[in-house]
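Participant: Sequence below, structure please.
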Amino acid sequence: MHSEAVSLDDVRGARKMLSGIARTTVMQGSRHLSALVGGPVQLKCENLQRTGSFKIRGAYVRIAGLRPEERAAGVVAASAGNHAQGVALASSLLGVEATVFMPVGAPLPKIAATREYGARVELAGAHVGESLQAAREYADATGSVFIHPFDHPDVVAGQGTVGLEILEQCPEVRTVVVPTGGGGLLAGMALAIRSLRPDVAVVGVQAAGAAAYPPSLAAGHPLALAAMSTMADGIKVGRPGDVPFGLVQRYAEGVRTVSEESLYQAVLLCLERAKLVVEPAGAVAVAALLEEPEAFAPPVVAVLSGGNVDPLLTQRLLQHGMAAAGRYLSMRVRVDDRPGMLAELLGAVSDQGANVVDVSHIRTSPGLRLGEVEVDVQLETQGPEHCRQTVARLRELGWRLDEY
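Facilitator: Numbering: from 1, shown residues only. From the prediction side, this is the model:
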């Protein structure tokens with residue numbers, strides 16, 4: 001599988017190679033998304049794959065295809081997390097020495113997991129691009145084989161096995177929505193699915209702040225972005241890969257983009273409704289369904305491509321997602337500065353069924369009169385309507401407040 005193109009037979013061969021190595025991940029229905037789309041929506045849970053993402057598929061196929069002398073030289077890769085762990089585990093299973101370069105600021109849990117899977121981790125560079133350069137230099141200096149995260153036929157073939165599983169698990173599918181960075185997963189899946197089922201639309205999704213595919217497809221060749229900004233680090237890729245690009249051009253329905261706000265909401269929905277931990281990059285397909293549900297013909301399969309999210313980021317994502325969903329209410333209340341007033345205010349809030357998250361006093365605001373104090377109150381609510389009801393009732397009771 002070292003030709004410039006990838007065929008359906010290559011994907012089928014990759015699947016045989018991955019038997020007993022990669023899991024056939026489950027499909028899980030989503031009632032909420034199904035109601036939005038107007039037909040069945042299934043989630044393909046690659047976040048539950050070994051190492052927490054689909055990356056083990058392509059990494060294993062690539063390394064297993066190395067000649068004996070190449071294996072003896074070892075492999076090297078660069079990644080912020082998912083590809084690193086996929087290469088580490090695949091190398092360990094195949095008895096190949098692996099070195100992985102990761103950015104200096106990579107999350108500690110991802111660094112620890114990569115080491116636990118058996119790789120030697122080197123921290124280099126402020127971002128993945130600089131880590132990639134360090135990995136290439138290491139390969140040139142040592143003779144180690146560089147394992148690209150997406151731009152190689154073997155990797156594309158391995159990722160395409162997700163498409164074969166979807167056709168077997170959901171034969172009635174009409175649309176498959178795929179997270180897209182460099183394009184290895186989208187290319188492999190589109191090739192596999194459209195070769196067997198030309199009637200199925202395979203749609204890629206990128207974060208709007210790191211969307212290299214739409215302009216590249218419009219131009220007819222890969223273009224590099226001048227800058228990127230997104231929390232979805234797993235798909236934060238500045239240029240499409242040469243190998244996947246041609247396949248995406250030929251087989252995919254196109255590549256859409258989603259906002260950061262939609263990503264927050266998608267991560268929260270996966271956790272709250274589906275009980276699934278999904279990283280932002282892995283949730284972009286869900287974000288696309290939330291933004292434009294009418295754009296996807298059901299039955300729909302949305303791929304959850306990864307679940308390796310740093311706990312600290314998870315906390316921030318959930319807080320922001322709840323705020324964006326109207327689950328938090330922040331208000332500033334002006335009250336008389338006398339004993340018992342704070343208790344009265346909190347009692348009124350409690351009567352509305354809102355949960356107090358934080359309270360603080362402001363005594364030095366220029367607009368305050370002598371004997372007054374402002375109280376900042378942050379509440380957890382049941383949603384936007386509950387927020388409106390709470391504010392309206394407090395004003396009815398005579399409380400002077402502003403939302404912010």
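Participant: need the contact list for the most centrally placed residue in the chain.
Facilitator: The chain has Ala281 as the residue nearest its centroid, 1.8 Å off, counting by Cα atoms, centre = their mean. Counting by Cβ atoms under 8 Å, 6 or more residues apart in numbering, Ala281 touches Pro179, Gly181, Ala207, Ala232, Asp233, Gly234, Ile235, Lys236, Ser305, Gly306. The C-beta positions use only the backbone N, C-alpha and C, and glycine is treated the same way.
Participant: quick one: the third one from Cys170, how far?
Facilitator: Distance of Ala207 to Cys170, computed by Cβ to Cβ, to the nearest Å: 26 Å.
Participant: Which one's more surrounded, these two?
Facilitator: The neighbour comparison of Ala207 against Cys170 (other Cβ atoms under 10 Å) goes to Ala207, with 28 against 19.
Participant: Please report how far the residue nearest to that one when sequence neighbours are not counted lies from Val200.
Facilitator: Leaving aside its sequence neighbours, Ala207 sits nearest to Thr230 (Cβ to Cβ, 6 or more residues apart in numbering; 3.9 Å). Going from Thr230 to Val200 by Cβ to Cβ gives 28 Å.
Participant: Also Gly181?
Facilitator: 22 Å.
Participant: Same question for Met189.
Facilitator: Taking Cβ to Cβ, one finds Met189 at 10 Å from Val200.
Participant: Give me the more crowded residue out of the two.
Facilitator: In this view Met189 and Val200 are compared by other Cβ under 10 Å, and Met189 has more residues nearby, 32 against 22.
Participant: ok, that one touching Gly158?
Facilitator: No. Judged on Cβ atoms under 8 Å, Met189 makes no contact with Gly158 at a distance of 11.1 Å.
Participant: The lowest-mean-pLDDT helix or strand in the chain - contacts with which helices or strands?
Facilitator: Least confident helix or strand of the chain, by mean pLDDT, DSSP states H and E, is helix 311-324 with a mean of 74. Other helices and strands packing on helix 311-324, by 3 or more Cβ pairs under 8 Å, 6 or more residues apart in numbering; DSSP states H and E, are helix 260-272.
Participant: List the buried residues of the helix it packs on.
Facilitator: By 16 or more other Cβ atoms under 10 Å, the buried positions in helix 260-272 come out as Glu260, Ser262, Leu263, Tyr264, Gln265, Ala266, Val267, Leu268, Leu269, Cys270, Leu271.
Participant: which non-adjacent residue is nearest the last one?
Facilitator: In space, and not counting its chain neighbours, Leu271 is closest to Val277: 6.4 Å by Cβ to Cβ, 6+ apart.
Participant: report the longest helix in the protein, please.
Facilitator: Across the chain, the longest stretch assigned as helix under DSSP state H is helix 153-169.
Participant: Give me the helices and strands touching that one, please.
Facilitator: Here helix 153-169 touches helix 8-18, strand 41-45, helix 55-64, helix 184-196, helix 242-251, strand 300-304, going by 3+ Cβ pairs under 8 Å, 6+ apart.
Participant: Remind me which helix or strand the closest residue to Phe146 other than its chain neighbours belongs to.
Facilitator: Excluding its sequence neighbours, the residue lying closest to Phe146 (Cβ to Cβ, 6+ apart) is Ala139, at 4.2 Å. Assigned by DSSP states H and E, Ala139 belongs to helix 128-142.
Participant: Same question for Ala288.
Facilitator: Element membership for Ala288, per DSSP H and E: helix 284-291.
Participant: CA atoms of that helix as CSV?
Facilitator: Output in CSV follows, covering the C-alpha atoms of helix 284-291 (Å, rounded to 0.1, in the frame of the first residue of the first chain):
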residue,chain,number,x,y,z
VAL,A,284,-17.4,18.9,15.3
ALA,A,285,-19.8,16.5,13.5
VAL,A,286,-22.3,17.0,16.3
ALA,A,287,-21.7,20.8,16.2
ALA,A,288,-22.6,20.7,12.5
LEU,A,289,-25.9,19.0,13.2
LEU,A,290,-26.7,21.6,15.9
GLU,A,291,-25.9,24.5,13.5
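Participant: Identify the residues contacting that helix?
Facilitator: Contacts with helix 284-291, where a contact means Cβ under 8 Å, 6+ apart, come from 33, 36-37, 41, 43, 177-180, 203, 205-207, 232, 235, 256, 258-259, 262-263, 265-266, 269-270, 278, 295-296, 300, 302-305.
Participant: same question, stretch 66-80
Facilitator: 59, 63, 83-85, 87, 91, 94-103, 106, 110, 128, 131-132, 134-135, 138-139, 142-149, 233-234.
Participant: Might one say that Val41 is in contact with Ala297?
Facilitator: No. Val41 lies out of contact with Ala297 (Cβ under 8 Å); the separation is 11.3 Å.
Participant: Which one of these two is surrounded by more residues?
Facilitator: Val41 (27 against 14).
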